[in-house]
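**Student:** Next come a sequence and a model predicted from it.
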Amino acid sequence: MNGAVVAGVAALSMGTYAIRFSGPMVRQRMKVPARVTRLLEICSIVLLTALASTLIIPAGGHRAGFALPAGVLVAGVLAWRRVPLILVVLAAAATTALLRLCGVS
C-alpha cells in the first residue's frame with residue numbers, strides 16, 4: 001500500500017474514534033432538553049423514510065416492477081413491529097428474491 005493511503009486511513013480512523021469518544025463525554029457535561037431529543041428522534045425517522053423512498057424509485061429510467069417495493073414494504077412493516085434489524089434485512093431480501101424468482105420483476 002502507498003504510504004499516503006495508510007496515513008489517510010489512519011487519520012480518518014483516529015478522527016472517527018475521537019468523534020465517537022466525544023459524544024458520551026459531551027453528553028455528561030451538557031443537558032439536552034427533552035424536546036430537542038424528541039425532535040432528533042423524529043428527524044432520524046424522516047431521514048430513514050426518505051432513504052427508503054429513494055431506493056424504491058428506479059434509477060436510470062428503467063422499470064423496477066413490483067418486487068422491490070414489496071420488499072421495502074415488508075421491511076417497513078417488520079421495522080414498525082420492532083423486529084431485529086438483521087431479520088428485517090433478510091426478510092426484505094428474501095421477499096424481493098422470491099418475487100423475482102416467480103417472475104414478478
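**Tutor:** Alright, I've got the coordinates.

**Student:** When you work out contacts or count neighbours from here on, use the C-alpha atoms and nothing else.
**Tutor:** Will do.

**Student:** Could you check the pLDDT of residue 22?
**Tutor:** pLDDT, residue 22: 88.

**Student:** Neighbours of it, how many?
**Tutor:** Counted by other CA atoms under 10 Å, the residues lying close to residue 22 total 11.

**Student:** Ok, residue 36 next?
**Tutor:** 10.

**Student:** buried sites along the strand or helix carrying it?
**Tutor:** In this structure, residue 36 sits in helix 34-56 according to DSSP states H and E. Under the neighbour-count criterion of 16 or more other CA atoms under 10 Å, helix 34-56 has 52, 56 buried.

**Student:** Now that helix: average pLDDT?
**Tutor:** Helix 34-56 comes out at a mean pLDDT of 84.

**Student:** Touching it from outside, list them.
**Tutor:** 68, 69, 72 (CA atoms under 8 Å, 6 or more residues apart in numbering).

**Student:** Quick check: can you list the domain ranges of the chain?
**Tutor:** According to automatic domain parsing, the chain comprises the domains 1-30, 34-105.

**Student:** deepest of those domains, which one?
**Tutor:** When you average the neighbours per residue for each of those (mean count of other CA atoms under 10 Å), domain 34-105 leads with a mean of 14.

**Student:** Now do that domain: distance from first to last residue.
**Tutor:** The first and final residues of domain 34-105 sit 45 Å from each other (CA to CA, to the nearest Å).

**Student:** Tell me how far it lies from the chain's centre.
**Tutor:** 9 Å (CA atoms, centre = their mean, to the nearest Å).
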